[in-house]
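*Asks:* 3D, please:
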Amino acid sequence: MRYIPKLYLETTIFNFYYVDKDSKKKDDTHKLFDAIKKGKYEVYTSWYVQDEIARDAPEKYKKMQSLLEKYAQDIVSFNDEADDLAEIYIKNKIIPLKYKTDALHIATATVNRLDFVVSFNFGHIVKPKTMIGAGFANLHRGYRQIGLCTPTEVLEYDCN
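*Replies:* This is a model prediction of the structure:
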């Protein structure tokens, strides 16, 4: 039986699907959604993502919300366990307090036992310091490590 990886799509993924200019990020995002359509991945997101996309221009928000509703199999909910884990990331200076939502994206995906956080946020999510720090924090608290990657990286992941 083939394992289907569980992806948490962070806000930037919905944003890059509709970026105005042609770019590798946009192309890779479209390829990711094509793979999702084919059943290669299970897709999850959170209320944090919905809140962040709601801050965009109304016409772009409607498009991103529609994409989210079409592809996300579940909206994982906020819980104290994720909040506590996010606070650990902040306390250990893995992610700055100013960017707590980024910590909450990772923690929410972790406590819900998802496989990857897919993002183009290179400032606080997809970067070696966060990958290593969150990985150690997760293992220390009995969680497994979670992949923090771009659409390109997750598409290259061989799940068989």
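
*Asks:* my guess is residue 31 contacts residue 156, does it?
*Replies:* No. Contact criterion C-beta atoms under 8 Å: residue 31 and residue 156 do not qualify, at 10.7 Å. All C-beta spots, glycine's among them, are computed from the backbone N, C-alpha and C.

*Asks:* Those two: which is more packed in?
*Replies:* A count of neighbours by other C-beta atoms under 10 Å puts residue 31 above the other of residue 31 and residue 156, at 13 against 9.

*Asks:* just checking, the more buried one is part of a helix?
*Replies:* Yes. The assignment for residue 31 is a helix, going by DSSP: H, G, I helix; E, B strand; the rest coil.

*Asks:* residues in contact with it?
*Replies:* Residue 31 sits next to 151, 155 when contact means C-beta atoms under 8 Å, 6 or more residues apart in numbering.

*Asks:* For the chain, which segments are assigned as helices?
*Replies:* For the chain, applying DSSP state H gives helices covering 11-17, 24-37, 47-53, 58-71, 80-91, 100-111, 128-140, 151-156.

*Asks:* Go through the ones you listed and pick out the most buried.
*Replies:* Among those, judged by mean count of other C-beta atoms under 10 Å, the one packed with the most neighbours on average is helix 100-111 (a mean of 25).

*Asks:* helices and strands around that one, which ones?
*Replies:* Contact partners of helix 100-111 among helices and strands, from 3 or more C-beta pairs under 8 Å, 6 or more residues apart in numbering; DSSP states H and E: strand 6-9, strand 42-46, helix 47-53, helix 80-91, strand 116-118, helix 128-140.

*Asks:* what packs against the third one?
*Replies:* Spelled out, it's helix 47-53. Helix 47-53 is packed against helix 11-17, helix 58-71, helix 100-111, with contacts defined by 3+ C-beta pairs under 8 Å, 6+ apart.

*Asks:* Also the first one?
*Replies:* Taking 3+ C-beta pairs under 8 Å, 6+ apart as contact, the helices and strands that strand 6-9 lies on are strand 42-46, helix 100-111, strand 116-118.

*Asks:* what comes into contact with it?
*Replies:* Residues outside strand 6-9 that contact it (C-beta under 8 Å, 6+ apart): 36, 41-46, 49, 68, 71-72, 76, 105, 108-109, 112-118, 154.

*Asks:* Check the offset of that strand from the chain's centre.
*Replies:* Averaging C-alpha positions (C-alpha atoms, centre = their mean, to the nearest Å) puts strand 6-9 6 Å from its chain's average.

*Asks:* do the same with the third one
*Replies:* Centre-to-centre, helix 47-53 and its host chain are 11 Å apart (C-alpha atoms, centre = their mean).
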